[in-house]
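1. Prediction below, plus the sequence it came from.
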Amino acid sequence: MIKRLSRHYSIVQRILPIIVILALVVLYILGCAPAKQRISIATGGTGGTYYPYGGAMASTINKYVDALEASAEVTGASVENVRLIESKESQLALVMDDVVYHALHGEGAFDHEVELRTLMEMYPHFFHIVVHADSSIHSVEDLVGKKVSVGAPGSGTETMSQQVLEALGITYDKFDVFRLSFTENTEALRDDVIDAGIWSVGPPTASIMDLATTHDIRIINFTDEQLAAVQEKYPYYLTMKLEGGTYQGVDEDLMAPSVWNSVVVGKDMPEEQAYEIAKSLFEHRDELEQVYVGASWSTPENTIEYAIAPLHPGVIRYFEEIGLEVPDRLIPPEMK
């Protein structure tokens, strides 16, 4: 018995150093493995299209860019998102292009110029003015004297509401102003707290679809003269047609102002990082479309055509690789 125990002890003595060495090797390998960098994507409220689109972006980045771990964050949307990029609290942000323009030029909500770089253009927003089907509001002018939600504070919707309505002579002192999120718009219309809610958002959007399932709604049409007046004062606003049937009970085609949306980053994002993110999003756009159909607009060609801020050098590198020519207006100062 003593001999057998001695033999076992001898075997353990020989094996134990090997086990210790193997354990140290494993710990060394794990210690040398590069930690993933966490990045934040500033989106918007849960009732719009920014949040699901940003979530799809995060999933795509996490799947195809090994060095990054991305997460989509709920925010107040465009204006707040620019500030999150400037403060480096977020690394990517979804922003309406009128707000991008204001940030670049130190206008509107910004008292100084903010340096932004475009990663990609996403899709156009349609300026929805939503009312009950039996509402006395049949035109933009009918908003005068009514209770109107112009969008959440710090949102691109609120910025666009102020400018579009002002271009048509309807300043905020001519109606009762409510500043509600998209989800709050839906609740306030259901409860008759407001007479009209404004959404600047890519159609179709969940909060309006949700409202249309419980209440008959209408969306206000803009005349050619109104659209021309808006574009004359604010050239970055375009015109978009909303196809009949996009929302339940809204069967006719409608026209309204429109604005594109950018994914922007700071100028100091490393070139390789911007390149890898752009490559993953453009080359796997089909995965974004599974979450939001409007992602079909998110192409390199549309990015070149509609971008407001200069492209990030990493994006330019990717575009040149796939054979696209980048116009001089989109070349950032650091590359000139």
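-> It's in.
2. Find the residue at the geometric middle of this structure.
-> Taking CA atoms, centre = their mean, the centroid of the chain lies closest to Leu94, which sits 2.9 Å from it.
3. And the longest strand along the chain, how far out from the chain middle?
-> The longest strand of the chain (DSSP state E) is strand 117-132. Taking CA atoms, centre = their mean, to the nearest Å, the mean C-alpha location of strand 117-132 is offset from the chain mean by 9 Å.
4. So if we follow the domain assignment, how does the protein break up?
-> The chain breaks down by automatic domain parsing into domains covering 37-124+260-335, 125-259.
5. got JSON lines for those, with mean pLDDT too?
-> Shown next, in JSON lines, are the domains of the chain (pLDDT from 0 to 100):
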{"stretch": "domain 37-124+260-335", "mean pLDDT": "97"}
{"stretch": "domain 125-259", "mean pLDDT": "96"}
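6. Could you list every helix and strand that the helix or strand hosting Glu166 packs against?
-> Taking DSSP states H and E as the definition, one finds Glu166 inside helix 156-167. Helices and strands touching helix 156-167, by 3 or more CB pairs under 8 Å, 6 or more residues apart in numbering; DSSP states H and E, are helix 78-86, strand 92-96, helix 97-105, strand 117-132, strand 196-201, helix 224-233, strand 254-265. All C-beta spots, glycine's among them, are computed from the backbone N, C-alpha and C.
7. Please list the outside residues in contact with it.
-> Here helix 156-167 makes contact (CB atoms under 8 Å, 6 or more residues apart in numbering) with 77-79, 95-96, 98-99, 102, 108-109, 125, 127, 140, 143, 150-152, 171-172, 179, 182, 198-201, 229-230, 232-234, 237, 257, 259, 261.
8. What lies in contact with the helix or strand just after that helix?
-> Next along the chain after helix 156-167, taking DSSP H and E as the criterion, comes strand 176-178. Strand 176-178 is contacted by residues 146-150, 188, 193-194 when judged by CB under 8 Å, 6+ apart.
9. What strands line up against strand 176-178, and which way round?
-> Strand 176-178 has the following strand partners under DSSP bridges: strand 147-149 (parallel).
10. what distance separates the strand it pairs with from the centre of its chain?
-> 24 Å.
11. contacts for it?
-> 175-180, 184-185, 188, 193-198.
12. Could I get the contacting residues of Phe319?
-> Counting by CB under 8 Å, 6+ apart, the residues that Phe319 touches are 300, 304, 311, 326.
13. That one: what secondary structure?
-> On the three-state scheme (DSSP: H, G, I helix; E, B strand; the rest coil), Phe319 is labelled helix.
14. Make residue 1 into 2 and carry on from there
-> Yes, from this point I'll number from 2; that puts the last item at Phe320.
15. gap between it and Ile305?
-> 7 Å (CB to CB, to the nearest Å).
16. Could you count how many residues lie near the closest residue in space to Tyr51 that isn't next to it in sequence?
-> Leaving aside its chain neighbours, Tyr51 sits nearest to Gly45 (3.3 Å; criterion: CB to CB, 6 or more residues apart in numbering). When neighbours are defined as other CB atoms under 10 Å, Gly45 has 32 of them.
17. just Lys64 next, same as before
-> The number of residues near Lys64, taken as other CB under 10 Å, comes to 12.
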